[in-house]
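> structure for this input, please:
(chains A and B)
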Amino acid sequence: MDIPYTVQNRPDTGVYNAKIGIWLFLASEVMLFGGLFSAYVLLRVGADEGMWPHGWLNVKLGAINTLLLALSAITTLLAWAACKVRDFGKFKFFHACTIILALTFLCIKSYEYYDKFHHYEVQLKSGGYADGHFVKQSDDFDVTKHIGTITLHGHKVEDRKELMDLRTPAAQTAKHEEMEIPASDIVKLENYGPQHHTFTAIYFTMSGLHALHILGGILVIGYLWGPGSRMWKTDPERFTNRIEVSGLFWHFVDLVWIFLFPVLYLT
Amino acid sequence: MSESEKPVTLSSYYRLCAVVLLAVICTTSLMIFTSFAHIGEGWTLKLTLILAIAVVNAFLVAGYLMHLLSEKKLVYTILAFTVVFGIGLMGLTIWATNGFPPGTASH
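Numbering: from 1, shown residues only, chains lettered A, B, ... in the order given. This is a model prediction of the structure:
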């Protein structure tokens, strides 16, 4: 049985069915991310004065990821254009580039997550806060039993607000060194995971959901590059439409990042 | 006629992609510059400028890479509905922020 309008445009809609399908899907995706962006706005507006973080994320890595996604969007478009001109070799090349770029994006994102989970804020009994990356801990370290020590590479501050804006001159010039902190001096020890702050919660939620979309895109594009590309031999027009539809999804993922990058990294 | 139905040549797409990539690099650099520049007091002006540049960036991707500049009317209709519902979603949430039922909030 032939599925109608996989290649030809429907007379009433003017486009083939998969294209309507992907646009309706993208509309629902806009609502999904729109809800999260509005949640971000509410959380940020509702934060106490001086308690919304600035400079917690690595702008260089975010910018590299922006360029990687932009490049991958371009290679996706070129893969579709190669199908249109019936150049299967170029299609394979450009789509392989898309997959490699997307995987690189995920590697960088994973590194950023790893960094956050190894970055600790420690409230000290002796006053103030220690903030830094995990170096080592003694074998017997147990913060609940107040035994052992933990070593962080970072600095100490008096007020937690000083840890919120890392772009201030004081934060930029703060001397970072190894600090050995006895568990007996710890009131609270917490890494920069989602539970740490409202910002990290919304950051992990939004960027995590976006990363899942990247992963989904890699799976679809990988399938079309590999086993799915057999359709090229039997129905190249339909295959080209599949590439266009998957490309639209990929461009949407790029669009979301275009707003996530400034909202999370730059403001 | 949508972009996908026009005759395609790879060389024309190479040019288009080079221009879009250059523009994306420029807008991204501009956003970063704006973020670190000393503009006004606080973050309101900076945030507005950065988001305005992000909108330009998004227009380039949606308009040229997604071919939205030359799509069919039905796609525009779907997007128009999305925009209306999106504004409703955000607007209603923000509008209801302080709308606590009597006796449930003290601030």
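> contact partners of stretch B:87-107?
Applying C-beta atoms under 8 Å, 6 or more residues apart in numbering or on different chains, the contact partners of stretch B:87-107 are A:31, A:34-35, A:37-39, A:41-42, A:45-46. The way it works is simple: take the backbone N, C-alpha and C, and place the C-beta from them, glycine included.
> chain center to it: distance?
Its chain's average C-alpha position is 26 Å from that of stretch B:87-107, according to C-alpha atoms, centre = their mean, to the nearest Å.
> which non-adjacent residue is nearest B:Leu45?
Excluding its sequence neighbours, the residue lying closest to B:Leu45 (C-beta to C-beta, 6 or more residues apart in numbering or on different chains) is B:Ile39, at 5.6 Å.
> for the one you found, give me its contacts.
B:Ile39 makes contact with B:45-46, B:49, according to C-beta under 8 Å, 6+ apart.
> what's the answer for A:His119, then?
Neighbours of A:His119 in contact, by C-beta under 8 Å, 6+ apart: A:131-134, A:191-192.
> could those go into CSV alongside pLDDT and neighbour count?
As requested, the contacts of A:His119 are exported to CSV (pLDDT from 0 to 100; neighbours: other C-beta atoms under 10 Å in any protein chain shown):
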residue, pLDDT, neighbour count
A:Asp131, 95, 23
A:Gly132, 96, 21
A:His133, 96, 14
A:Phe134, 96, 15
A:Asn191, 96, 16
A:Tyr192, 97, 23
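> all helices of chain B, in order?
Counting by DSSP state H, chain B has these helices, from start to end: B:10-36, B:44-60, B:73-95.
> hey, least reliable of these by pLDDT?
Here these differ in mean pLDDT, and the lowest is helix B:73-95 at a mean of 89.
> buried sites along that one?
B:74-75, B:78-79, B:82, B:86, B:89-90 (16 or more other C-beta atoms under 10 Å in any protein chain shown).
> ok, stretch B:46-66 next?
By 16+ other C-beta under 10 Å, the buried positions in stretch B:46-66 come out as B:46-47, B:49-51, B:53-54, B:57-62, B:64-66.
> follow-up on the earlier one: wait, which of the contacts of A:His119 is closest to chain B?
A:Tyr192 (20.5 Å; C-beta to the nearest C-beta).
> doesn't A:Trp56 make contact with the closest one?
Yes: counting by C-beta atoms under 8 Å, A:Trp56 is a contact partner of A:Tyr192 at 7.4 Å.
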